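> need a 3D model of the following:
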Amino acid sequence: MTTPRLPARRRFRRTTAIVAGGLGAVLALAGCTPEPAPDTNVDWELTATTDAPSGDIDSYTWVSYAEPFSLDYAYAFDYADNQVLANVCESLLRLNPDYTLSPGLAESYEHPTPETWVYTIRDGVTFHDGTPLTAADVVASMSRHLDPAVGSSWYSVYQNVVSIEQTGDREVTVTEAIPDSQFNLAMGGSAGVVESAATLEAAGADYGNSSGGVNCTGPFSLEEWKSGESITLARYDDYWDDSLRAKSGEVEFLFMNDATARVNALKSGEVDGGWMIPFDAIGQLEASGVGDVYFGLSTAVSSLIVSNLDGPLGDLRVRTALLMALDRQGIVDAAAKGYGDVTNALTTESVWVGASDAALDSAFEGLEEYPYDLEEAKRLVEEAGATGEEITFATAPIGSDFNIIAQATAAAAESIGLKATIETVTPNAYTALFSDPSAREGIDLFYTVWYLSSPDPLEMYSVLRTGEFSNYGEWSDPEFDQVVNEAIAIDDPAARSEKTAEAQRIANEQLPWLPLFIGPMPVFMGERITGVSPSIAFLYYPWAATIGAR
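Residues are numbered from 1 along each chain as shown. Modelled structure (predicted):
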């Protein structure tokens with residue numbers, strides 16, 4: 001595979017200014033006083049990796065906006081879960097910070113037929129309890145995704161699988177009903193995690209929670225989980241990969257739901273680092289003198305998920321109107337403080353690994369742009385007969401961007417004749433929106449910073465097919481389904497990308513989700529530590545192992 005087209009290091013400079021009559025006006029309509037736009041230029045650079053550590057460190061602390069929903073890889077489907085799990089459990093393949101794939105617990109793989117993937121399991125690897133990794137462990141781990149009693153969040157990766165078998169001492173063969181290019185690409189994420197079969201059997205329903213724990217092969221083991229407070233990882237001294245041997249004896253993750261508390265803990269030096277720094281805190285942290293903010297590669301798009309198509313948003317005209325009523329440039333400036341760009345697509349160019357130039361042009365050039373136009377948006381709502389109908393927007397106190405986007409969306413809806421209610425839930429309940437259908441009952445919209453777990457944009461469009469787990473609004477378009485299914489069957493990345501571009505254009509026109517903006521992945525590291533690669537691959541790559549003493 002080729003490396004992503006996004007350079008490893010690039011400088012950005014943007015002038016930030018709220019559009020007159022745009023976001024400031026709609027926030028005022030909602031009774032919210034918008035923060036003034038910065039009067040200086042945003043100047044930042046994309047960093048591939050920070051300075052190498054000078055040596056090991058006894059321990060360091062890391063802050064998370066929420067406690068993991070679960071460390072069971074079958075349910076690890078969000079930032080809070082995966083940022084911890086990536087350092088404890090490993091997958092058949094390894095998703096690297098530049099979003100390329102390399103061998104992981106599978107030292108190699110073959111694709112002898114369009115429907116078959118054969119993995120050679122690495123020798124000399126042990127679980128944290130000292131027992132050796134075997135092909136039987138791989139079969140047991142992968143098979144859980146097919147078990148209805150488990151209800152894996154990653155079932156869609158396995159939906160074409162008809163058998164998972166041990167076919168040699170260190171060989172596992174996966175057979176699918178149809179050719180599926182996406183299966184192997186997903187083996188670098190949670191869908192490819194391997195756990196001890198004995199541990200899975202012994203832990204039963206408690207596997208992956210604060211009492212059952214996990215027993216994997218990563219550079220850190222799960223030392224302690226204090227429910228509601230923290231998780232402590234300890235270096236695993238018998239880790240198989242010397243290049244990723246942990247440089248810290250321990251890492252403690254602290255759960256802080258309140259964004260202000262998280263920022264204050266970083267500014268004071270109480271906590272050494274954290275991912276997903278609120279954009280409005282970047283200036284404070286950079287001026288604190290206790291550490292540095294870095295910006296890394298991201299595959300995430302900030303979007304509004306339409307989770308109820310039985311209400312007014314079931315009409316494309318209303319979805320279009322709402323997007324046109326949102327001052328998206330104003331949102332970038334107010335919510336992301338200028339660290340981003342408006343987008344009309346649900347993917348970033350960073351995941352179009354191996355794409356042809358023709359596919360990239362087709363995927364990103366000439367898309368519907370949905371300019372800010374209140375009069376046209378009002379007309380569309382009236383034409384749809386939706387004036388006076390109500391929508392409910394779910395949000396959480398994760399950062400000021402969540403509040404700004406919630407207020408802006410509600411105000412935009414009101415400005416075009418809809419009624420809007422904001423329902424604020426806890427960060428943990430917000431995470432449940434992505435995994436529990438009952439949590440989405442009565443919710444029409446919610447905000448997401450949706451990342452991809454593989455180096456292929458088709459992953460995004462695969463989950464929007466009819467009946468998919470992450471198709472939260474149950475949107476359905478037969479033409480879209482056909483295009484995506486045809487793309488999935490294509491092995492060659494360049495040829496596949498051209499078909500995927502068709503899917504991107506359909507989604508751009510039909511708006512199952514409303515794209516807002518893209519931006520970098522911000523991370524803060526205090527003056528005691530260094531060594532991280534600031535990339536959204538932290539969700540699957542053992543990033544904590546590379547951090548040591550500054």
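> switch to C-alpha atoms for all contacts and neighbour counts from now on
Fine.
> quick check: buried residues in stretch 237-253?
238-240, 245-253 (16 or more other C-alpha atoms under 10 Å).
> typo on my end, stretch 287-301
290-301.
> ok now it, how far from the chain's centre?
Counting by C-alpha atoms, centre = their mean, to the nearest Å, stretch 287-301 is centred 16 Å from the centre of its parent chain.
> output the contacting helices and strands for whichever helix or strand residue 508 is part of.
When elements are assigned from DSSP states H and E, residue 508 belongs to helix 493-510. Helices and strands touching helix 493-510, by 3 or more C-alpha pairs under 8 Å, 6 or more residues apart in numbering; DSSP states H and E, are helix 357-364, helix 458-462, helix 478-488.
> can you give me the end-to-end span of stretch 346-360?
By C-alpha to C-alpha, to the nearest Å, the extent of stretch 346-360 from end to end equals 14 Å.
> let me redo that: stretch 220-238
10 Å.
> got it, and stretch 336-348?
Distance between the boundary residues of stretch 336-348 (C-alpha to C-alpha) amounts to 17 Å.
> contacts for it, please.
Under the contact criterion C-alpha atoms under 8 Å, 6 or more residues apart in numbering, stretch 336-348 has outside partners 14-16, 37-38, 42, 279-280, 298-301, 303, 328-329, 332-333, 364, 367-370, 401, 457, 460, 504, 507-508, 513, 515-520.
> between the helix holding residue 508 and helix 357-364, how many degrees?
Following axes from the mean of the first three to the mean of the last three C-alpha atoms, to 10 degrees, one obtains 10 degrees for the angle between helix 493-510 and helix 357-364.
> heading C-terminal from helix 493-510, find the next helix or strand.
strand 513-518.
> show me how far that next one is from its chain's centre.
14 Å.
> what pLDDT does residue 3 get?
Residue 3 is assigned 26 on the pLDDT scale.
> scratch that, residue 39
39.
> now swap in residue 301 and tell me
Note on residue 301: pLDDT of 96.
> distance of it from residue 539?
From residue 301 to residue 539 the distance is 15 Å (C-alpha to C-alpha).
> ranking the helices and strands packed on helix 493-510 by burial, who's on top?
Compared across those, helix 458-462 shows the largest average neighbour count, a mean of 23 (mean count of other C-alpha atoms under 10 Å).
> contacts for that helix, please.
182, 346-347, 452-453, 468, 484, 487-488, 497, 500, 503-504.
> just the C-alphas of that helix, formatted as PDB.
Presented in PDB, the C-alpha positions along helix 458-462 are these (Å, rounded to 0.1, in the frame of the first residue of the first chain):
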ATOM      1  CA  LEU A 458     -15.300   2.300   1.900                       C
ATOM      2  CA  GLU A 459     -15.500   1.500   5.600                       C
ATOM      3  CA  MET A 460     -17.500   4.700   6.000                       C
ATOM      4  CA  TYR A 461     -20.000   3.800   3.300                       C
ATOM      5  CA  SER A 462     -20.200   0.100   4.200                       C
END
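> between which two of the buried residues of stretch 237-253 is the distance greatest?
Farthest apart among the buried residues of stretch 237-253 by C-alpha to C-alpha are 240 and 253. That separation is 23.9 Å.
> per-residue confidence averaged over the helix holding residue 508?
Regarding helix 493-510, the rounded mean pLDDT is 97.
> tell me where the stretch 1-150 of the chain has strands.
Taking DSSP state E, counting those that start in this stretch as the test, the strands found in the stretch 1-150 of the chain are 11-15, 41-45, 57-64, 90-91, 93-95, 101-103, 106-113, 116-121.
> give the rounded mean pLDDT of stretch 241-249.
pLDDT averaged over stretch 241-249 gives 98.
> now stretch 348-364, how far from the chain's geometric center?
Distance, centroid of stretch 348-364 to centroid of chain: 19 Å (C-alpha atoms, centre = their mean).
> tell me how far the ends of it are from each other?
9 Å.
> show me the contacts for residue 425.
So residue 425 contacts 394-397 (C-alpha under 8 Å, 6+ apart).
> want to try TSV for these, with neighbour count and pLDDT as columns?
Shown next, in TSV, are these (neighbours: other C-alpha atoms under 10 Å; pLDDT from 0 to 100):
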residue	neighbour count	pLDDT
394	20	97
395	23	96
396	22	93
397	18	89
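> relative to residue 147, which of those is nearest.
residue 394 (31.0 Å).
> dump the residue contacts of that closest one.
Going by C-alpha under 8 Å, 6+ apart, residue 394 touches 406, 422-425, 430, 443-447.
> tell me the SS of it?
Assigned with DSSP: H, G, I helix; E, B strand; the rest coil, residue 394 falls in the strand class.
> now do residue 167
Using three-state DSSP, the structure places residue 167 in strand.
> that one against residue 139, yeah?
No: taking contacts as C-alpha atoms under 8 Å, residue 167 lies outside contact range of residue 139: 10.3 Å.
> what about residue 52, neighbour count?
Residue 52 has 16 neighbouring residues, counting by other C-alpha atoms under 10 Å.
> on that earlier part again, from the chain's centroid, how far away is the helix holding residue 508?
On C-alpha atoms, centre = their mean, the centre of helix 493-510 falls 20 Å from that of its chain.
> go on, stretch 401-408?
For stretch 401-408, the distance to the chain centre is 19 Å (C-alpha atoms, centre = their mean).
> coming back round to it: helix 478-488 and the helix holding residue 508, what's the angle between them?
With the same axes, to 10 degrees defining the directions, helix 493-510 sits at 160 degrees from helix 478-488.
> and the angle for helix 493-510 with strand 513-518?
Using the same axes, to 10 degrees, helix 493-510 lies at 110 degrees relative to strand 513-518.
> who touches helix 493-510?
Contacts of helix 493-510 (C-alpha under 8 Å, 6+ apart): 316, 344-346, 352-356, 358-360, 362-363, 367-368, 457-458, 461, 480, 483-484, 486-488, 490.
> which regions of the chain sit below the pLDDT cut-off?
Scanning the chain for pLDDT under 70 picks out 1-41.
> follow-up on the earlier one: may I see the strands of the stretch 1-150 of the chain organised as TSV, with mean neighbour count added?
Shown next, in TSV, are these (neighbours: other C-alpha atoms under 10 Å):
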stretch	mean neighbour count
strand 11-15	13
strand 41-45	14
strand 57-64	20
strand 90-91	28
strand 93-95	25
strand 101-103	18
strand 106-113	14
strand 116-121	21
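> could I get those as TSV with distance to residue 264?
Listed next are the strands of the stretch 1-150 of the chain as TSV, based on distance: least, C-alpha to C-alpha, whole Å:
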stretch	distance to residue 264
strand 11-15	27
strand 41-45	22
strand 57-64	11
strand 90-91	33
strand 93-95	32
strand 101-103	37
strand 106-113	42
strand 116-121	45
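> out of those, which is closest to residue 374?
Among the strands of the stretch 1-150 of the chain, strand 11-15 sits nearest to residue 374 (C-alpha to C-alpha), with 24.2 Å.
> what about the strands in the stretch 151-300 of the chain?
Counting by DSSP E, counting those that start in this stretch, the strands of the stretch 151-300 of the chain are 161-168, 171-176, 193-194, 220-226, 230-235, 248-255, 273-275, 291-296.
> can you point out the buried residues in the first one?
Residues of strand 161-168 classed as buried by neighbour count (16+ other C-alpha under 10 Å): 161, 164-166.
> picking up where we left off before, nearest to residue 60, of the buried residues of stretch 237-253?
Looking at these and their distance to residue 60, the nearest is residue 251, at 5.3 Å (C-alpha to C-alpha).
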